[in-house]
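Chemist: coords please:
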Amino acid sequence: MKSFSTDNAVSVPRGRLPFRLGTTSYIIPADILPNLHHLSGRVDDVELVLFESDEFSNLPSPADIEAMATLARKHELTFTVHLPLDAHTGSADEEERVSSVAKCRRVIELTAPLSPFAWVLHLAGDRRGNVPSDDMPRWVEQHQRSLAQLLENGVPPSLICVETLDYDFDYVASLVEEFNLSVCLDIGHLLVMGRDVEAHIDRWIDRTRIFHIHGIDTTGKDHSSLRYLPKGLLEGLASRLGALPLDDMRVMTMEVFGEEDFEGSMSTVMERLATWLK
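Modeler: Residues are numbered from 1 along each chain as shown. The predicted model follows:
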């Protein structure tokens, strides 16, 4: 296994923040297991970004899952699992919808031995933008059918986190509440779309199990270092989470993909949350 140097790496003291600090499973240019070795001891949680398609799959083998579980026990690591990005559980094409549900269920069953902190689900739109479909009643109904099927094997609804995407999250609020799901509040997506971050936190903090946080650089590139976050946002969110009961811990995932953005994000956490880390 190729090793990657951490000689100049910034380390955030663990156990002092009012949330579990996480990042993605793609920080170094390698597969998931080398990334986990690289990140172990530096973060509290790793978001496993999984893909499955006819052309490419990075789904771990049972042996990989066992190795991940061993690392988790050794380093007090938890996992959040991002369900496949190419799942379209609201599709008008019934075959595609059913296939998408099956794909998500396979990933849930495969990763269940890791006792994930949560599974992250995209209720993908038919298109990008503020309104996800030209036929909203059909789109909502298809997602409703898919969620019922996804949960019928007994996965706790609170462990399924519906992520805020580019569309207005009010479109799926009724589904989140009907099925008693949790929320993955993606701060970066809210910033990209110019939405009111504080209003979303106010409304959804009680259901939010995971926060995704990432900056937007000067070129408009998303999923960049946290140093591009507006001043006060990270500090304010930490204060909100610090006011919650100790047994109500959340995960905050620095959703970046690359060493430079990860190291920059770690430095930003150290600088902006210094009062928590003394």
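Chemist: in what helix or strand does residue 183 lie?
Modeler: strand 182-186 (DSSP states H and E).
Chemist: Can I get that strand in PDB? Just the C-alpha atoms.
Modeler: Provided in PDB are the C-alpha atoms of strand 182-186 (Å, rounded to 0.1, in the frame of the first residue of the first chain):
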ATOM      1  CA  SER A 182     -33.500  12.800   9.300                       C
ATOM      2  CA  VAL A 183     -31.900  15.600   7.400                       C
ATOM      3  CA  CYS A 184     -28.400  16.100   5.900                       C
ATOM      4  CA  LEU A 185     -28.200  19.900   5.900                       C
ATOM      5  CA  ASP A 186     -25.700  20.700   3.200                       C
END
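Chemist: in its sheet, what does it sit against?
Modeler: Next to strand 182-186 in the sheet, as set by DSSP bridges, lie strand 160-163 (parallel), strand 208-213 (parallel).
Chemist: residues in contact with that strand?
Modeler: Applying CB atoms under 8 Å, 6 or more residues apart in numbering, the contact partners of strand 182-186 are 118, 120-121, 157-165, 176, 200-201, 204-205, 207-212, 255. Every residue, glycine included, has its C-beta placed from N, CA and C.
Chemist: and what of stretch 139-149?
Modeler: Everything outside stretch 139-149 that qualifies as a contact, by CB under 8 Å, 6+ apart, is 89-92, 97, 100-101, 123, 125-126, 132-133, 160, 171-172, 174-175, 178-179, 181.
Chemist: can you do 7 Å?
Modeler: Stretch 139-149 has contacts (CB atoms under 7 Å, 6 or more residues apart in numbering) with 89-92, 97, 100-101, 123, 126, 132-133, 175, 179.
Chemist: Same check on stretch 161-174?
Modeler: By CB under 7 Å, 6+ apart, stretch 161-174 touches 118-123, 125, 128-132, 136, 176, 181-186, 189-190, 193, 200, 209-210.
Chemist: at 6 Å instead, please
Modeler: Contacts of stretch 161-174 with the rest of the structure, by CB atoms under 6 Å, 6 or more residues apart in numbering, involve 118, 120-123, 125, 128, 130, 132, 176, 181-186, 189, 193, 209-210.
Chemist: Quick one: end-to-end distance for that stretch.
Modeler: When the termini of stretch 161-174 are compared using CA to CA, to the nearest Å, they are 14 Å apart.
Chemist: chain center to that stretch: distance?
Modeler: Offset of stretch 161-174 from its chain centre (CA atoms, centre = their mean, to the nearest Å): 14 Å.
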